[in-house]
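>>> test case, fold it:
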Amino acid sequence: MEIILLQDVHKLGQKDDLVHVKDGYGRNFLIPRGYAIAATSSAKKMHTENQKQRAHKEEKIKAEAQELAAKMAGISITVGAKTSTSGKIFGSVNTIQIAEALKEKGFDIDRKSISLPEDQIKEVGKYKAIIRLHRDVKVDVDFEIVAE
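Numbering: from 1, shown residues only. Take a look at the predicted model:
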């Protein structure tokens, strides 16, 4: 089944992408929840027309994201966490704490656009986070977990 995504769907595609999915996934999950519409011939025509109109706006947004990525390229942040004597963190460090640390540096980044290399960070040390500023623009940010 061919569908047009109405919003970003994790591990499937971005908004306005034309993707192939299994029939049941499209009919029973994506379309009823408003994540996608069926890619009929008329929907495809409207989709191509909308794509042409949005192309100019998209270029401007991408340029702004690239400028922000250039500013963020050299930064490193520090996140404090309560730890035991052996260096294990009580709890874990997550994207919310990374987003707050970036906000202190002057970068207002949504926590959902931050990806950590591991599911949970439970030890003191240096790590890298991947920040998606745009579908084509990603930047790596170094961060260090220190004991408070």
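>>> CA only for contacts and neighbour counts going forward, please
Will do.
>>> and this protein, split by domain according to the record?
Taking automatic domain parsing as the domain assignment, the ranges for the chain are 2-69, 72-147.
>>> for the first one, what is the average pLDDT?
For domain 2-69, the mean per-residue pLDDT is 91.
>>> buried ones in the longest helix seen in the chain?
As assigned by DSSP state H, the longest helix anywhere in the chain is helix 41-72. Buried positions in helix 41-72, judged by neighbour count with 16 or more other CA atoms under 10 Å: 47, 62, 65-66, 69, 72.
>>> for the next helix or strand after that helix, name the packing helices and strands.
Stepping forward along the backbone from helix 41-72, the first helix or strand reached (DSSP states H and E) is strand 76-81. With contacts taken as 3 or more CA pairs under 8 Å, 6 or more residues apart in numbering; DSSP states H and E, strand 76-81 sits against strand 88-93, helix 95-104, strand 138-147.
>>> centroid-nearest residue for this protein?
With distances taken as CA atoms, centre = their mean, the chain has residue 113 as the residue nearest its mean C-alpha position (2.9 Å).
>>> in TSV, list the buried residues of helix 41-72 along with distance to residue 141.
As requested, those are arranged in TSV below (distance: CA to CA, whole Å):
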residue	distance to residue 141
47	35
62	19
65	15
66	14
69	10
72	7
